[in-house]
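S.K.: Fold the following for me, if possible:
(one chain, ligands or ions: 1)
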Amino acid sequence: MSLSNPLPFKERVEQALNDPFLRQSLKNAQARFREGKQKAGQALGNLEEWRTRAEAIRRHTIEHLDYYLDLFATNVEKNGGTVFFAETEQEAVEYLIRLAKAKQAQTVIKSKSMVSEETHVNHRLEEIGVEAIESDLGEYIIQLAKEMPSHIIAPAIHKNRKQIAQLFSAVAGEELPEDTSALTRFARHQLRDKFLNANIGISGCNFAVAETGSIVLVSNEGNARLTTTLPKTHVVMMGMERIVPTWEDLDAVLSLLPRSATGQKITSYVTALTGPRRENDQDGPEEMHVIIVDNGRSNALGTDYQSILHCIRCGACLNVCPVYRHIGGHAYGSVYPGPIGAVLTPVLKGFDQWEELPYASSLCGACTEACPVKIPLHDMLIDLRRDEVGQKRSPWIERLAFRLFGAAMKYPALYRLGLKMAKYLLRPQAGEEGFLNKGPGPLKAWTQARDFPAPAPESFREWWERQGRHGGEPHGR
Ligand code: SF4
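M.R.: Residues are numbered from 1 along each chain as shown. All right, here's what the predicted structure looks like:
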């Protein structure tokens with residue numbers, strides 16, 4: 001199954017570009033997040049040292065992932081939990097379905113989990129008649145809208161108050177005011193009952209601490225705590241790269257995650273869970289199942305893309321990306337949007353449906369600069385483009401153009417002929433300002449949105465020769 005969205009890339013981008021509200025709200029949100037991050041980074045002081053330390057921790061962990069996964073799994077089981085390694089999305093979901101059937105579950109409550117989005121858990125549970133309810137407010141909104149998240153940490157960033165009021169009014173069966181407090185109150189009231197009646201709680205996992213087999217969750221709404229303590233069965237869905245070796249290591253990455261994500265020093269709730277309820281505990285789930293999901297992640301191990309597994313899903317790269325600012329998350333088509341998604345999605349799933357994503361970047365490098373664990377995102381985007389060209393996936397016209405360019409660079413006479421032809425073919429098509437607005441053939445689409453200067457009336461070579469002829473030595477010699 002794909003990571004999502006059936007529309008072709010160009011159509012998704014066009015849809016987004018034609019949505020002025022989306023573009024304005026992304027611009028505002030990016031500015032807010034960036035300012036918050038900057039302040040929080042300054043307050044931390046030596047941010048670069050923290051980034052270097054966090055990068056070293058992530059690198060070490062991923063280089064020894066087999067060891068730390070084994071240690072983590074052993075400790076989860078020692079704590080009374082159950083671990084299941086799922087190689088594929090299918091295996092992960094089938095385990096969950098078996099569990100839901102064994103528990104005769106009717107309702108499952110979820111806190112935010114990108115892996116559960118990636119594996120289409122809600123949809124698959126609904127197919128067997130189990131109601132799956134998102135409890136994170138943003139996720140709840142997009143669930144009602146039947147949409148994908150459009151940002152890693154702010155899934156409903158593309159929705160305004162009016163749209164949210166309409167969605168909630170449809171559930172309420174009456175018109176609700178476009179008032180943030182009233183809408184939040186309504187969602188809380190709706191979700192409270194679901195929490196109390198859910199048979200299973202599904203959470204994600206921000207970090208998994210190997211040395212004690214603990215799951216660490218960060219949230220701002222408290223819903224993760226209710227999800228993981230009220231239902232009798234707690235299921236954790238985690239990507240296999242979520243591991244950190246020790247609590248000391250957690251300190252470094254946890255210091256950077258909220259600062260990079262929302263500009264907070266710390267999120268409102270940081271929850272650490274070490275196994276299910278013990279004998280003398282007053283509350284907590286009776287069972288804890290940890291599903292560790294590969295789903296293509298091991299494709300990255302041992303390759304140029306291994307460091308994409310260092311990602312801590314902070315969303316900082318989205319918050320600085322000029323392409324994301326214009327097209328938003330849905331245009332990427334994947335549950336992972338922005339620069340991280342443009343790299344991660346083809347790495348997880350191959351190029352078949354995702355060959356455009358490495359091109360959804362201006363390669364300005366802002367993402368790499370923003371990344372708290374120093375993932376060289378823009379270098380990876382170039383590498384992915386190189387791989388695509390190596391696999392002959394680029395359009396034939398582009399390949400032909402580059403072949404001709406290569407030949408022209410090799411043979412000066414051919415280069416000169418090319419320049420002359422370009423001048424005679426393209427200059428007549430230029431507008432008054434000297435730009436081509438409607439290029440011929442394949443240039444047509446390109447020039448619709450970009451300025452393409454027409455070739456100069458006289459090339460440098462021609463000028464140089466003319467100077468030599470009329471003035472003896474050309475100027476500057
Ligand atoms: S790639 Fe870096 S900046 Fe982007 S989400 Fe991951 S950790 Fe954050």
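S.K.: center of the protein - which residue?
M.R.: residue 336 (3.1 Å; CA atoms, centre = their mean).
S.K.: any idea how far that residue lies from residue 174?
M.R.: Distance, residue 336 to residue 174, using CB to CB, to the nearest Å: 37 Å. C-betas here are computed from N, CA, C, even on glycine.
S.K.: Ok, residue 184 next?
M.R.: 17 Å.
S.K.: Give me the more crowded residue out of the two.
M.R.: Neighbour count, other CB atoms under 10 Å: between residue 184 and residue 174, residue 184 has more, with 14 against 8.
S.K.: residues making contact with stretch 167-182?
M.R.: The contact list for stretch 167-182 (CB atoms under 8 Å, 6 or more residues apart in numbering) reads 141, 144, 145, 159, 161, 162, 165, 183, 186, 187, 190.
S.K.: Please pick the buried ones from those residues.
M.R.: For the contacts of stretch 167-182, a neighbour count by 16 or more other CB atoms under 10 Å gives the buried set as 141, 144, 159, 165, 183, 186, 187, 190.
S.K.: Now the helix or strand residue 54 falls within - C-alpha only, PDB.
M.R.: Assigned by DSSP states H and E, residue 54 falls within helix 47-63. What follows is helix 47-63, C-alpha atoms only, in PDB (Å, rounded to 0.1, in the frame of the first residue of the first chain):
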ATOM      1  CA  LEU A  47      23.100  25.500  20.400                       C
ATOM      2  CA  GLU A  48      25.800  24.200  18.100                       C
ATOM      3  CA  GLU A  49      27.300  22.100  20.800                       C
ATOM      4  CA  TRP A  50      23.900  20.600  21.600                       C
ATOM      5  CA  ARG A  51      23.400  19.800  17.900                       C
ATOM      6  CA  THR A  52      26.800  18.200  17.600                       C
ATOM      7  CA  ARG A  53      26.100  16.100  20.700                       C
ATOM      8  CA  ALA A  54      22.600  15.000  19.500                       C
ATOM      9  CA  GLU A  55      24.000  14.200  16.100                       C
ATOM     10  CA  ALA A  56      26.700  12.000  17.600                       C
ATOM     11  CA  ILE A  57      24.100  10.200  19.700                       C
ATOM     12  CA  ARG A  58      21.800   9.500  16.800                       C
ATOM     13  CA  ARG A  59      24.700   8.400  14.600                       C
ATOM     14  CA  HIS A  60      26.000   6.000  17.300                       C
ATOM     15  CA  THR A  61      22.600   4.600  17.900                       C
ATOM     16  CA  ILE A  62      21.800   4.000  14.200                       C
ATOM     17  CA  GLU A  63      25.200   2.500  13.600                       C
END
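S.K.: and that helix, which residues are buried?
M.R.: Buried, per 16+ other CB under 10 Å, within helix 47-63: 47, 50, 51, 53, 54, 55, 57, 58, 59, 61, 62.
S.K.: so residue 330 touches residue 148, yeah?
M.R.: Yes. Counting by CB atoms under 8 Å, residue 330 does reach residue 148; the two are 6.4 Å apart.
S.K.: Please, where are all the strands along the stretch 151-300 of the chain?
M.R.: 200-203, 207-209, 214-219, 233-239, 243-244, 269-273, 287-293 (DSSP state E, counting those that start in this stretch).
S.K.: Look at the residue of the stretch 51-200 of the chain found nearest the ligand and report its pLDDT.
M.R.: Nearest to the ligand in the stretch 51-200 of the chain, going by CB to the nearest ligand atom, is residue 152, at a distance of 6.0 Å. Looking at residue 152, its pLDDT reads 93.
S.K.: Quick one: residues contacting it.
M.R.: For residue 152, the contacting residues are 114, 313, 314, 315, 318, 336, 337, 338, 340, by CB under 8 Å, 6+ apart.
S.K.: Now with 10 Å, please.
M.R.: By CB atoms under 10 Å, 6 or more residues apart in numbering, the contact list for residue 152 reads 112, 114, 117, 261, 311, 313-319, 329, 335-338, 340-341.
S.K.: in the lengthiest helix in the chain, what counts as buried?
M.R.: Using DSSP state H, we find that the single longest helix of the chain is helix 20-44. By neighbour count on 16+ other CB under 10 Å, the buried set for helix 20-44 is 22, 23, 25, 26, 29, 30, 33, 34, 36, 37, 40, 41.
S.K.: one step back: any chance of the strands of the stretch 151-300 of the chain in CSV with mean neighbour count, mean pLDDT and distance to residue 379 as columns?
M.R.: Converted to CSV, these look like this (neighbours: other CB atoms under 10 Å; pLDDT from 0 to 100; distance: least, CB to CB, whole Å):
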stretch, mean neighbour count, mean pLDDT, distance to residue 379
strand 200-203, 28, 98, 33
strand 207-209, 24, 98, 26
strand 214-219, 22, 97, 29
strand 233-239, 25, 98, 22
strand 243-244, 26, 98, 24
strand 269-273, 17, 96, 33
strand 287-293, 23, 98, 27
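S.K.: Dump the ones you listed into JSON lines; add distance to residue 427 as well.
M.R.: Below are those laid out as JSON lines (distance: least, CB to CB, whole Å):
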{"stretch": "strand 200-203", "distance to residue 427": "63"}
{"stretch": "strand 207-209", "distance to residue 427": "60"}
{"stretch": "strand 214-219", "distance to residue 427": "59"}
{"stretch": "strand 233-239", "distance to residue 427": "54"}
{"stretch": "strand 243-244", "distance to residue 427": "60"}
{"stretch": "strand 269-273", "distance to residue 427": "64"}
{"stretch": "strand 287-293", "distance to residue 427": "57"}
